[in-house]
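Participant: My questions concern the predicted model and sequence given below.
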Amino acid sequence: MISAALHPHDTAMTQQNFSQLMREQHATLSAYARVITRDAARAEELVQDTFLTAWHNIEKFDITRDIAAWLRGIARNKWRETCRRQGREVAMDEAALLALEEAVHQWQADQPDIFDRLAVCRSQLPEALSEPLRVCYDEARSGREAADVLQINEATLRKRLERAREALRMCLEKQTEPSTLS
């Protein structure tokens, strides 16, 4: 899948085109990195390293191929390199990484605009539900930290997160229902 930022007729990748591609790929790559690293901070570092490596090697990218798969491959290799350098075991073995790659590829094919739809749904949430999501998920804070930031108790935070997730689920389901003709 070729992004709108990169067309087969382009001969050079501009910084602006590259920035657009990275914005388009950030959410999916971040989710992938979070799964393989099992740590929010390491995942963000991995995403940044992946984008930097992609920028330095963009001339090697075949624009007829899927850029998301290329980026995931870079991330996978960067993570293996990090684990080897630090003498750690890779959190997932090769078979699990390949299965994850296939699952991500299939999921992207089935849900190509899921992050856009999710952003629309999040924008419709009241602040009392959107703020706990932001603090817990976007900022990757623990329940205790998030409750402190929001100045609420942890039970209230958990209930608001539960309500927010349910509201998002219902919104996403509503968006995917086939429209009925009258």
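Facilitator: Now that the structure is in, tell me what you want to look at. Numbering: from 1, shown residues only.

Participant: How about the contacts made by the nearest residue to G143 once chain neighbours are set aside?
Facilitator: Take G143 and drop its neighbours on the chain: the residue closest to it by Cβ to Cβ, 6 or more residues apart in numbering is E154, 5.3 Å away. For every residue, glycine as well, the C-beta is placed using N, CA and C. Neighbour list for E154: 143-144, 147 [criterion: Cβ atoms under 8 Å, 6 or more residues apart in numbering].

Participant: What of I114?
Facilitator: L172.

Participant: Relative to N57, how far out is it?
Facilitator: 28 Å (Cβ to Cβ, to the nearest Å).

Participant: now swap in R117 and tell me
Facilitator: R117 is 31 Å from N57, by Cβ to Cβ.

Participant: Same check on W70?
Facilitator: 9 Å.

Participant: Equivalent analysis for R165, please.
Facilitator: With Cβ to Cβ as the criterion, R165 and N57 are 38 Å apart.

Participant: Repeat that for L21.
Facilitator: 13 Å.

Participant: between those two, who's got more neighbours?
Facilitator: Higher neighbour count among L21 and N57: L21, with 24 against 11, using other Cβ atoms under 10 Å.

Participant: Can you give the domain ranges for the protein?
Facilitator: Segmentation of the chain into domains, based on automatic domain parsing, reads 15-110, 114-176.

Participant: which residues of this protein score low on pLDDT?
Facilitator: Within the chain, the segments meeting pLDDT under 70 span 1-14, 88-93, 107-112, 176-182.

Participant: which stretches of it form helices?
Facilitator: Along the chain, counting by DSSP state H, helices occupy 15-37, 40-56, 67-85, 94-110, 114-123, 127-133, 143-150, 154-176.

Participant: Dump the first one to CSV, keeping only the CA atoms.
Facilitator: Extracted C-alpha coordinates of helix 15-37, given in CSV (Å, rounded to 0.1, in the frame of the first residue of the first chain):
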residue,chain,number,x,y,z
GLN,A,15,11.5,15.5,4.7
GLN,A,16,7.8,16.6,4.5
ASN,A,17,6.8,13.4,2.7
PHE,A,18,8.7,11.3,5.2
SER,A,19,7.1,13.2,8.1
GLN,A,20,3.7,12.5,6.7
LEU,A,21,4.5,8.8,6.3
MET,A,22,5.7,8.6,9.9
ARG,A,23,2.5,10.3,11.2
GLU,A,24,0.5,7.8,9.2
GLN,A,25,2.4,4.9,10.6
HIS,A,26,3.1,6.0,14.2
ALA,A,27,0.1,4.5,16.0
THR,A,28,0.4,1.1,14.4
LEU,A,29,4.1,0.9,14.8
SER,A,30,3.9,2.0,18.5
ALA,A,31,1.3,-0.7,19.2
TYR,A,32,3.6,-3.3,17.6
ALA,A,33,6.6,-2.0,19.5
ARG,A,34,4.7,-2.1,22.7
VAL,A,35,3.9,-5.8,22.1
ILE,A,36,7.4,-6.9,21.4
THR,A,37,9.1,-4.8,24.1
